[in-house]
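1. Generate a structure from the sequence data that follows.
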Amino acid sequence: MNIYVRNLSYSLQEDELREIFSQCGEVSSVKIIKDRVTGRAKGFGFVEMPNDEEAKAAIEKINGTDVKERRIEVSEARPPQDREKKW
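-> Next comes the predicted model:
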């Protein structure tokens, strides 16, 4: 399951986020989204967990917790909606 995590501290590192989610089960990947120009974190990211039950437990356990003085929000990631091109 792909998990969306927002309101992350800009100083939080991917290995720290992996460690938080690993307490609930296996984590296959972690990606904190960064600005292409500055390289600064944008305050959100994604965590991939192969076991859906562990992922759901992680969402429930971690959502609303404080990490580096920021209350993070965790939910199942939704695929981007198809957008109509307006030419």
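
2. What sits closest to residue 32 if chain neighbours are left out?
-> If you skip the residues right next to it in sequence, residue 32 has residue 45 as its closest partner in space, 3.8 Å away by CB to CB, 6 or more residues apart in numbering. Glycine gets a C-beta too; all of them are placed from N, C-alpha and C.

3. mind checking the longest helix of the protein?
-> Longest helix in the chain, counting residues (DSSP state H): helix 52-62.

4. Show the subsequent helix or strand relative to that helix.
-> Once the chain leaves helix 52-62, the next helix or strand it forms, by DSSP states H and E, is strand 66-67.

5. neighbouring contacts of that following strand?
-> 8-9, 12, 20, 72 (CB atoms under 8 Å, 6 or more residues apart in numbering).

6. Could you pull out the strands in this protein for me?
-> Taking DSSP state E, the strands of the chain run over residues 2-6, 29-34, 41-48, 66-67, 70-71, 73-76.

7. Return the distance of the second one from the chain's centre.
-> Centroid separation for strand 29-34 versus its chain: 7 Å, with CA atoms, centre = their mean, to the nearest Å.

8. what are the pairing partners of it, and which direction each?
-> Here strand 29-34 has these sheet partners by DSSP bridges: strand 41-48 (antiparallel).

9. tell me the mean pLDDT for the partner strand?
-> For strand 41-48, the mean per-residue pLDDT is 97.

10. related to what we said a few turns ago, filter the contacts of strand 66-67 down to just the buried residues.
-> 8, 12, 20, 72 (16 or more other CB atoms under 10 Å).

11. Tabulate those in TSV, adding columns for pLDDT.
-> Formatted as TSV, the buried ones among the contacts of strand 66-67 follow (pLDDT from 0 to 100):
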residue	pLDDT
8	98
12	97
20	98
72	98
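
12. got the contact list for the residue nearest to residue 32?
-> Residue 45 makes contact with 5, 8, 14, 17, 30-33 under the criterion CB under 8 Å, 6+ apart.

13. likewise residue 11?
-> 41, 68.

14. coming back round to it: compare the contacts of residue 45 and tell me which is most surrounded.
-> residue 5 (27 neighbours; other CB atoms under 10 Å).
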